[in-house]
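Student: sequence first, predicted coordinates after that:
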Amino acid sequence: MIPPTQIQAGDALERMLAHQLATTHVLAMKAAAVMGQQLDLADRTMGTAKQAACAEAARMAGVVARMNGSFQVGMQTLQRVRAGGQQTVVVQHNYVGEGGQAVIGGQQQVGGGGVP
C-alpha cells in the first residue's frame, strides 16, 4: 500500500482523507482481483457453476465501480480542501460575426409548427 504521506498531507484533515483514499484504493483493487478470479473461473466451468461465477463477477464489478467512484469523490474533496473552498469561474465570450447566429446554453427550435 502507498503510504498516505506521499500525498503530502498538510494537516490532520488532509491526512485523514489520504488514509481514506489509500484504504478505498486498496479495497477496490482487491475487489477487482476477486472479480478477475471469478471471470477466470467462469472461463473454466460450464452450467450453473459458470452462471454463479459470472453473477459473482458482475456483483464485484459493481463493488469496484462504487469504490472507484468513492475514490474520485475523495480526490475532489481533497482538491477542494487544498483550494481553501475557493472556486475559479472562467467566462468566455464568443464573437459571432454580422449575420451569424449562435445558440449558447439554450434550445433552438428549427422549422415551423410546434407550440410557441
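Tutor: Arrived safely. Residues are numbered from 1 along each chain as shown.

Student: now do the helices in this protein.
Tutor: Using DSSP state H, the helices of the chain run over 12-44, 47-82.

Student: show me the shaky parts of the protein.
Tutor: For the chain, the stretches flagged by pLDDT under 70 are 1-5, 85-87, 99-116.

Student: and the helices of the chain as JSON lines, adding mean neighbour count and distance to Gln6?
Tutor: Any C-beta I mention is one placed from the backbone N, CA and C, and that applies to glycine too. Shown next, in JSON lines, are the helices of the chain (neighbours: other C-beta atoms under 10 Å; distance: least, C-beta to C-beta, whole Å):
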{"stretch": "helix 12-44", "mean neighbour count": "15", "distance to Gln6": "8"}
{"stretch": "helix 47-82", "mean neighbour count": "14", "distance to Gln6": "13"}
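
Student: would you turn those into a markdown table with distance to His93?
Tutor: Listed next are those as a markdown table, based on distance: least, C-beta to C-beta, whole Å:
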| stretch | distance to His93 |
| --- | --- |
| helix 12-44 | 37 |
| helix 47-82 | 27 |
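
Student: run through who's touching stretch 42-62.
Tutor: By C-beta atoms under 8 Å, 6 or more residues apart in numbering, the residues outside stretch 42-62 that reach it are 31-32, 34-35, 38-39, 41.

Student: run the last query once more with 10 Å
Tutor: 30-41 (C-beta atoms under 10 Å, 6 or more residues apart in numbering).

Student: what do you get for stretch 27-37?
Tutor: The contact list for stretch 27-37 (C-beta under 10 Å, 6+ apart) reads 1, 53, 56-71.

Student: ok, now stretch 69-76?
Tutor: Under C-beta under 10 Å, 6+ apart, the answer for stretch 69-76 is 7, 17-18, 20-25, 27-28.

Student: what's the closest of the residues you listed to Gly84?
Tutor: Closest to Gly84 out of the contacts of stretch 69-76 is Leu17 (14.8 Å), distances taken as C-beta to C-beta.

Student: having no further points to raise, I will conclude here.
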